[in-house]
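K.L.:
Based on what follows, work out the 3D shape:
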Amino acid sequence: MGKKIRVAVIGSGSIATFRHAPEYAANPNVEIVAFADRVLSRAEKLADKYGAKAVDSHAAALKLDVDAVSVCTPNAFHAPITLDAFKAGKHVLCEKPMATSDKEAREMIKAAKKADKVLMIGHNQRLMGLHVKAKELIQAGVIGKVVTFRTSFAHPGPESWSIEGATGWFFDKKQAFVGTMGDLGVHKADLVRWLIGEEIVEVAAFVEHINKPMGDVDDNAVCLLRAKSGAIGTLTASWSHYPGEDNTTIIYGEKGQIRLGTDPNYSVVVHLLSGEKQFYSVGAIQTNDSGGQTSSGVIDAYINAILTNTEPPVTGEEGRRSLAVILACLKSAETKSFAKVDI
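P.N.:
Residues are numbered from 1 along each chain as shown. You can find the predicted model right below:
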């Protein structure tokens, strides 16, 4: 085995604690060098666990001898930290949403190309086994041309997941930029684009703060999406799904439908117009409740892209186009009209 990829994780909250850190530690090609957090004690806790260094800023982390970083900070800092990392000659895995504007996203992509480094965005849904299987079935024409779809991502809210709880950055618009649409909606926008293999071109949306007493960001959103082919569907994101979680998608085609995450025994169920049913057990959807016990595949894909000098499965451009769907939904909600997606 050759030289290990030396990594620094910037941001030491829950996503770093339960996803990035353990998955880096499990990868034999990785050496975790440092954890960074503005609250040093958080970084120290992870550093102690994984035998790494703790620093209190991304600037300090970028001065260390590292090859790559994970950006696991509040959303508003994704772009500036990523840009600094490319200037320092590091590869970047950035959590979603990749930026707070299309301008920022494009700057990140441009910086990656200039630095000749990997930029990957942490959209893990397209890497999950059940979604990979569904895409194979759709591409094989099993349900024919896609006509409509519906996708939902909902749970009781990030206050039980974030280490900062109800007073955390998730509820602060200056740091989060958006609420449920950045936490959940952008995941499903990315998934739908990838599953049906075409871009979303137009949206109409309600993006509202209607339930959570804390904060000033959206906690519920219901969106209509139109794909380039004319297929239409819905995307729902919610922080008021009490109790439990809804993380399901259904794709309806001319020959039948594919149901994802709706059956407790089979993660993929195909029901054809002919009456035939197909059942596949290809892994459950990874949830916050799994406590990091299952791998997202994101870290391994990122490290593989670096080692093989190939494109990661979720490029900066893919992240930008998924963000564009969310930005269009925000515009639609604000203007109370249909909005075009800047693809």
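K.L.:
For the rest of this, base every contact and every neighbour count on C-alpha atoms.
P.N.:
OK.
K.L.:
residues in contact with stretch 4-11?
P.N.:
Stretch 4-11 has contacts (C-alpha atoms under 8 Å, 6 or more residues apart in numbering) with 16, 20-21, 28-38, 43, 57-58, 61, 65-73, 303.
K.L.:
Show me what counts as buried in it.
P.N.:
Buried residues in stretch 4-11, counted by 16 or more other C-alpha atoms under 10 Å: 5-11.
K.L.:
Tell me the one of the residues you listed nearest Asp172?
P.N.:
Nearest to Asp172 among the buried residues of stretch 4-11, counting by C-alpha to C-alpha, is Gly11 at 16.7 Å.
K.L.:
measure the closest one to Ala25 for me?
P.N.:
16 Å (C-alpha to C-alpha, to the nearest Å).
K.L.:
ditto for Glu159
P.N.:
Taking C-alpha to C-alpha as the measure, Glu159 falls 27 Å from Ala25.
K.L.:
so who does Ala204 touch?
P.N.:
Counting by C-alpha under 8 Å, 6+ apart, Ala204 touches 223-225, 329, 332-333, 336-339.
K.L.:
And for Phe279?
P.N.:
Neighbouring residues of Phe279 by C-alpha under 8 Å, 6+ apart: 266-270.
K.L.:
Strands - which of those residues land there?
P.N.:
Using DSSP state E, the members of the contacts of Phe279 that fall within strands are 268-270.
K.L.:
before we move on, the earlier item: put the buried members of the contacts of stretch 4-11 into a ChimeraX selection.
P.N.:
Command for ChimeraX that selects the buried part of these, burial taken from 16+ other C-alpha under 10 Å:
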select :16,20,21,29,30,31,32,33,34,35,36,37,43,57,58,61,66,67,68,69,70,71,72,73,303
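K.L.:
In helices, which of the contacts of stretch 4-11 appear?
P.N.:
21, 43, 58, 61, 303 (DSSP state H).
K.L.:
which residues touch the nearest residue to Trp239 once chain neighbours are set aside?
P.N.:
Leaving aside its chain neighbours, Trp239 sits nearest to Gly157 (4.2 Å; criterion: C-alpha to C-alpha, 6 or more residues apart in numbering). The contact partners of Gly157, taken as C-alpha under 8 Å, 6+ apart, are 238-241.
K.L.:
Same check on Ala134?
P.N.:
With C-alpha under 8 Å, 6+ apart, Ala134 has these contacts: 195, 258, 260, 268.
K.L.:
of the residues you listed, closest to Lys188?
P.N.:
Leu195 (10.1 Å).
K.L.:
give me the number of residues near that closest one?
P.N.:
19 (other C-alpha atoms under 10 Å).
K.L.:
thought it was touching Lys133?
P.N.:
No - counting by C-alpha atoms under 8 Å, Leu195 does not reach Lys133; the two are 9.8 Å apart.
K.L.:
tell me the contacts of the spatially most central residue of the chain?
P.N.:
For the chain, His123 is the residue whose C-alpha lies nearest the centre (C-alpha atoms, centre = their mean; 3.2 Å). Counting by C-alpha under 8 Å, 6+ apart, His123 touches 95-96, 187, 190, 298, 314, 319.
K.L.:
Mind giving me the ChimeraX select for those residues, buried ones only?
P.N.:
Restricted to buried positions by 16+ other C-alpha under 10 Å, the ChimeraX selection for the contacts of His123 reads:
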select :95,96,187,190,298,314,319
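K.L.:
Of the contacts of His123, just say which sits nearest to Asp216.
P.N.:
Among the contacts of His123, and counting by C-alpha to C-alpha, the member closest to Asp216 is Lys96, at 19.6 Å.
K.L.:
Could you point out the helix or strand that follows the longest helix anywhere in the chain?
P.N.:
In terms of residue count, the longest helix belonging to the chain (DSSP H) is helix 316-335. Beyond helix 316-335 in the direction of the C-terminus, DSSP states H and E gives the next helix or strand as strand 339-340.
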